[in-house]
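S.K.: for reference, the sequence and a predicted model appear below.
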Amino acid sequence: MKNFRPVPGIHHPKPWHTLVRFLQMWSYPTISISIVGYCFLLYWWLLSILTMFPVAYPDFGPQIQGLLMVGLILGTLVSEVFFSGRLSDWIVLKLARQNNNVRTPEMRLWLWYPATILVTIGLIVWGRSIDAGWHWMVGQVAWFICIFNFSGSR
């Protein structure tokens, strides 16, 4: 049974509170830069390039084009295992010690700087390998570099 009435004893924010907090968030440069970077890098560049696989590798069949995602898969797995939680937690603990043991949400964003650089390098190398007709393995390494730190920095 669903209850549409406020639960007694619990503070319930006003309906416009979410919009106000969303707009206040943009006043913090570390938050806004990371959000724009995340949206631009993930949803625009990575997904648009994934849709270009059939055009990038026209000589290969669909099954081989699917196998060309191995660099992407391996980069994601390595990133999630080694960089996802523990490294971010370690960085937060180290920064909190310097900040009188006070943790802030911005401390989780430090992995975004190397991620942004690695995504940029990976995308440039992948695009250049397609343009110049380099061996397909160069593209796999580029995808690995591109996704390696990006997945773990989420």
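M.R.: Thanks, I have the structure now.
S.K.: W26 and I33, how far apart?
M.R.: Distance of W26 to I33, given as C-beta to C-beta, to the nearest Å: 10 Å. (C-beta placed from N, C-alpha, C; glycine too.)
S.K.: can you give me the distance of R108 to P13?
M.R.: With C-beta to C-beta as the criterion, R108 and P13 are 23 Å apart.
S.K.: who has more neighbours, the two?
M.R.: Shown here are R108 and P13; by other C-beta atoms under 10 Å, R108 has more neighbours (18 against 9).
S.K.: okay, now the unreliable bits of this structure?
M.R.: Within the chain, the segments meeting pLDDT under 70 span 1, 41-42, 149-154.
S.K.: I'd like the next helix or strand past the longest helix seen in it.
M.R.: Taking DSSP state H as the criterion, the chain has its longest helix at helix 112-132. The C-terminal neighbour of helix 112-132 among helices and strands, as given by DSSP states H and E, is helix 136-152.
S.K.: dihedrals phi and psi, G9?
M.R.: Dihedral pair for G9: phi 90, psi 0, per degrees, to the nearest 10.
S.K.: M52 too?
M.R.: Dihedral angles of M52 (phi, psi; degrees, to the nearest 10) stand at phi -90, psi 0.
S.K.: quick one: the helices in this structure?
M.R.: Here the chain has its helices, by DSSP H, at 17-25, 29-38, 47-50, 53-56, 62-67, 70-82, 86-98, 112-132, 136-152.
S.K.: packing partners for the last one?
M.R.: Helices and strands touching helix 136-152, as assessed by 3 or more C-beta pairs under 8 Å, 6 or more residues apart in numbering; DSSP states H and E, comprise helix 70-82, helix 112-132.
S.K.: out of those helices, which is closest to K94?
M.R.: Closest approach to K94 among the helices and strands packed on helix 136-152 (C-beta to C-beta): helix 112-132, 15.4 Å.
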